[in-house]
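*Asks:* Just the structure for this:
(chains A and B)
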Amino acid sequence: MLDLKFIRENPELVKQGIKNKNEKDRVDEILALDEKRRDLILQTDELKAKRNTVSQQVGQMKKSGQDASQIIAEMKNVSDQIALLDSQLNEVEEKLEDILMFVPNIPHHSVPVGKSSEDNVEIRQWLPEGFSFRKEDKFSDHIEIGKKLKILDFERGAKLSGSGFPLYLGKGATLERSLINFMLDYHLEYHGYSEIFPPFLVNRDSMKGTGQIPKMEEDMYYIEKDGLFPIPTAEVPITNIHRNEILNEKDLPVKYVGYSSCFRREAGSYGKESKGFLRVHQFNKVEMVKFVKPETSYDELEKLVNDAEDILKALQIPYRILMLCTGDLSFSAAKCYDIETWSPAENRWLESSSCSNFENFQARRANIRFRNEKTKKPEFVHTLNGSGLATSRLMVSLLENYQTPEGKVIVPKVLQKYTGFEIID
RNA sequence: GGAGAGAUGCUAGAGUGGUUGAAUAGGCUGGUCUCGAAAACCAGUGUGGCACUUGUUGUCACCGAGGGUUCGAAUCCCUCUCUCUCCGCCA
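*Replies:* Prediction:
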C-alpha cells in the first residue's frame, strides 16, 4: 500500500508510476476522498474534545451534588452529531481503503519504462564451461524424458487432481526432494539465512499483507469452509511472520529461507505454455525473504539475485538475468529481476526465479516496522523476496541439459550426495 | 466435537462507569555515587491520525477485533478471534 500522505504530496509522480505499470489510475478519486476525510476528522475531533471536557464537568457536578440534567441533555445532542459524523467518516475511510488496496506499488526510477515482457532488459548471461546453444541437436523435452525414464507422470497426476498437478515417480521423486534439500542447505551454509518451515494455508490478513489480495484473489485457491488460502508462494507466510511487529534495528537484515509447495489457480492462462511443468497448479519452491533497512534495500536486492544465481552455478545450468520493465512488474514490486534457465528442447529461456524489492509497500500493508536507534521512532522496513529457486522450471532445464544421447539423465555433481545415485536410467 | 477460564504497555500484574494513557514491580535508557562495576537513589520510557503559529505545540483515537448501552466505557452488554485447562477423537 502506498502512503496516503505521499500520494497527497506527490500526485503526479504516483500517477506516472501507475501509468507505467499499465494500471488504472484513481489518484484524483483518492485525493477527493482524502480531503473529505480530513474535513470530517476536523469536525468530529472538535466535538469530541467538547464532549470530553463537559463529561468531566458532569462527573464533578454529580460528586458535589449539583443537578447536571441540563448539560446532559445538551451533550446527548452532541453525541448524536458525533455518531453521525463518525459513521460518515467510517464510510469515507472504508472507500478510501478499498481503493488504496488496489493501487500498485510504483516502480523504482532505475526500472526501464516498458509495456510488456518484450521490453525487459537482459542484464547478463551465465553459461557453464563448454556449453553451446546446440540448436541442430535433437533434444528430447522434459515430458518425453520423464515418460521414458518413468520419473514423471503427468497423466496420472491429472487423474488424481486434474491437469497441472505433477506426479513424480521413483528417481524423479528423489531428484525433486534432493534439489529442495540442496538449495536449502546451500542458502543456510553459504548465504546466512535462517530456515523456516511455514504453514501452507494462511488467512486473509496474511494474503492482504503481501498484496495477493484483493487484486489477485481470482488466481488464489480458497477454502471457504475455513477461510483459508493455500499459499501461492512461501513469501506469504514468511513475510507475514513479522506482521504487526516492531523489529530491532540491530537484528536487520532478517533473512529467512523456506521451502513450500505453491498453489496457483492460473485462472485464464491455459494455452501453449501449459504443457508439462511449464505451467502447473502445484509446484515446489525454496523462497528467500529479507526484512531490511530502507537505505540498504537495493544493495540487498542485488545480493538476493546473486544468492539465487549461486544455486544455478553450482548446478551448472545456463541462465540469464532480466530486469523487468515497468509494465511487467508485479503489483507489489518496485523493482524485479527474473532469472531464466535455458531449455534446449524448447529452445528458449524459462522463468525460474523472480527477485523483487517491495520497498515498504508490503511492510505498510502488513505493518512491519523496526525501531530506528537514532530517532527512537518506528519506521517501515523494506521487504524483498526471491525464489531460490522454483523446482518445476528448473527441473525442465536440468533434465534437458543433463540428458545423454542414450536418453539417460546424469545427476548434477552437487546433487549426487543427496540422491545417492549418479544417473537416472 | 463437549465443558470451563482468560486476553491490559517491553514483561509481570492492578484497575468501585467520571483528570486512568492507564497503579505497582521488573526490564530498558539517562543521571548521581564509584578508579571501575554492583548496589542504592533520581529521572525518563507506547503507537497512530488530524491541525496549525512545525512546538519541550494542541487535539482526537487506541487496554485482543468489531458492534452496542451511556452525558461519559479498559470497566456494563452482544458477536467474533486467539490462548490455556479438562474430556472425547486422532497422525
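
*Asks:* give me the low-pLDDT residue ranges for the stretch 101-250 of chain A?
*Replies:* Scanning the stretch 101-250 of chain A for pLDDT under 70 picks out A:135-137.

*Asks:* That one: strands as residue ranges?
*Replies:* For the stretch 101-250 of chain A, applying DSSP state E, counting those that start in this stretch gives strands covering A:121-126, A:194-196, A:201-202, A:229-230, A:245-248.

*Asks:* out of those strands, which comes closest to RNA strand B?
*Replies:* strand A:245-248 (7.3 Å; CB to the nearest atom of the strand). Any C-beta I mention is one placed from the backbone N, CA and C, and that applies to glycine too.

*Asks:* Kindly export whichever helix or strand comes after that closest one (C-alpha atoms) in PDB.
*Replies:* Downstream of strand A:245-248, the next assigned helix or strand under DSSP states H and E is strand A:254-263. Output in PDB follows, covering the C-alpha atoms of strand A:254-263 (Å, rounded to 0.1, in the frame of the first residue of the first chain):
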ATOM      1  CA  VAL A 254      16.500 -10.500   8.900                       C
ATOM      2  CA  LYS A 255      17.000 -13.300   6.300                       C
ATOM      3  CA  TYR A 256      14.700 -16.300   6.000                       C
ATOM      4  CA  VAL A 257      14.700 -19.200   3.600                       C
ATOM      5  CA  GLY A 258      12.000 -21.800   3.500                       C
ATOM      6  CA  TYR A 259      10.500 -24.500   1.300                       C
ATOM      7  CA  SER A 260       6.900 -24.800   0.400                       C
ATOM      8  CA  SER A 261       4.600 -26.200  -2.100                       C
ATOM      9  CA  CYS A 262       3.000 -23.400  -4.100                       C
ATOM     10  CA  PHE A 263      -0.600 -23.500  -5.300                       C
END
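
*Asks:* Which strands or helices does strand A:254-263 pack on?
*Replies:* In terms of contacts (3 or more CB pairs under 8 Å, 6 or more residues apart in numbering; DSSP states H and E), strand A:254-263 is packed against helix A:170-190, strand A:194-196, helix A:235-240, strand A:282-292.

*Asks:* Report all helices and strands that the last one contacts.
*Replies:* In this structure, strand A:282-292 packs against helix A:170-190, helix A:235-240, strand A:254-263, helix A:297-315, strand A:382-390, helix A:391-401, with contacts taken as 3+ CB pairs under 8 Å, 6+ apart.

*Asks:* circling back to that earlier point, would you reformat the strands of the stretch 101-250 of chain A as TSV and include mean neighbour count?
*Replies:* Shown next, in TSV, are the strands of the stretch 101-250 of chain A (neighbours: other CB atoms under 10 Å):
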stretch	mean neighbour count
strand A:121-126	12
strand A:194-196	13
strand A:201-202	18
strand A:229-230	21
strand A:245-248	14
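
*Asks:* Mind putting these into a markdown table with distance to residue A:221?
*Replies:* Shown next, in a markdown table, are the strands of the stretch 101-250 of chain A (distance: least, CB to CB, whole Å):
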| stretch | distance to residue A:221 |
| --- | --- |
| strand A:121-126 | 33 |
| strand A:194-196 | 21 |
| strand A:201-202 | 9 |
| strand A:229-230 | 4 |
| strand A:245-248 | 27 |
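
*Asks:* wait, residue A:258 sits on residue A:238?
*Replies:* Yes. Counting by CB atoms under 8 Å, residue A:258 touches residue A:238, with 5.4 Å between them.

*Asks:* Tell me which residue in the stretch 251-400 of chain A sits closest to RNA strand B.
*Replies:* residue A:378 (4.6 Å).

*Asks:* thinking again about what came up before, okay, the helices and strands packed on strand A:282-292 in CSV with distance to RNA strand B and mean neighbour count next?
*Replies:* Converted to CSV, the helices and strands packed on strand A:282-292 look like this (distance: least, CB to the nearest atom of the strand, whole Å; neighbours: other CB atoms under 10 Å):
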stretch, distance to RNA strand B, mean neighbour count
helix A:170-190, 20, 18
helix A:235-240, 14, 27
strand A:254-263, 17, 21
helix A:297-315, 19, 20
strand A:382-390, 16, 28
helix A:391-401, 25, 25
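
*Asks:* Quick check: next helix or strand after the longest helix along chain A?
*Replies:* Secondary structure of chain A per DSSP state H: the longest helix is helix A:27-63. Later in the chain than helix A:27-63, the nearest helix or strand by DSSP H and E is helix A:69-100.

*Asks:* Tell me if that following helix is near RNA strand B.
*Replies:* Yes. Shown here: helix A:69-100 in contact with RNA strand B (CB under 7 Å from any atom of the strand) through A:72, A:75, A:76, A:78, A:79, A:83, A:90.

*Asks:* of those residues, buried ones?
*Replies:* residue A:75 (16 or more other CB atoms under 10 Å).

*Asks:* sorry, back to before: need the helices and strands packed on strand A:282-292 in CSV with distance to residue A:68, can you?
*Replies:* Converted to CSV, the helices and strands packed on strand A:282-292 look like this (distance: least, CB to CB, whole Å):
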stretch, distance to residue A:68
helix A:170-190, 68
helix A:235-240, 50
strand A:254-263, 55
helix A:297-315, 58
strand A:382-390, 54
helix A:391-401, 73
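
*Asks:* between the ones you listed, which gets nearest to residue A:57?
*Replies:* Judged by CB to CB, the one of the helices and strands packed on strand A:282-292 that comes nearest to residue A:57 is helix A:235-240, at 46.8 Å.

*Asks:* how far is the closest one from where the chain is centred?
*Replies:* 8 Å (CA atoms, centre = their mean, to the nearest Å).

*Asks:* next one: stretch A:158-169
*Replies:* 26 Å.

*Asks:* How about stretch A:195-212?
*Replies:* With CA atoms, centre = their mean as the basis, the mean position of stretch A:195-212 lies at 10 Å from the chain mean.

*Asks:* which parts of it are buried?
*Replies:* Within stretch A:195-212, judged by 16+ other CB under 10 Å, the buried ones are A:196, A:198, A:200, A:201, A:202, A:206, A:207, A:208, A:209, A:210, A:211, A:212.

*Asks:* how long is that stretch end to end?
*Replies:* End-to-end span of stretch A:195-212 (CA to CA, to the nearest Å): 23 Å.

*Asks:* Quick one: closest of the helices and strands packed on strand A:282-292 to residue A:20.
*Replies:* helix A:297-315 (18.3 Å).

*Asks:* Packing partners of the closest one?
*Replies:* Right, helix A:297-315 is packed against strand A:121-126, helix A:170-190, strand A:282-292, strand A:319-323, strand A:335-343, strand A:348-357, strand A:382-390, helix A:413-419 by 3+ CB pairs under 8 Å, 6+ apart.
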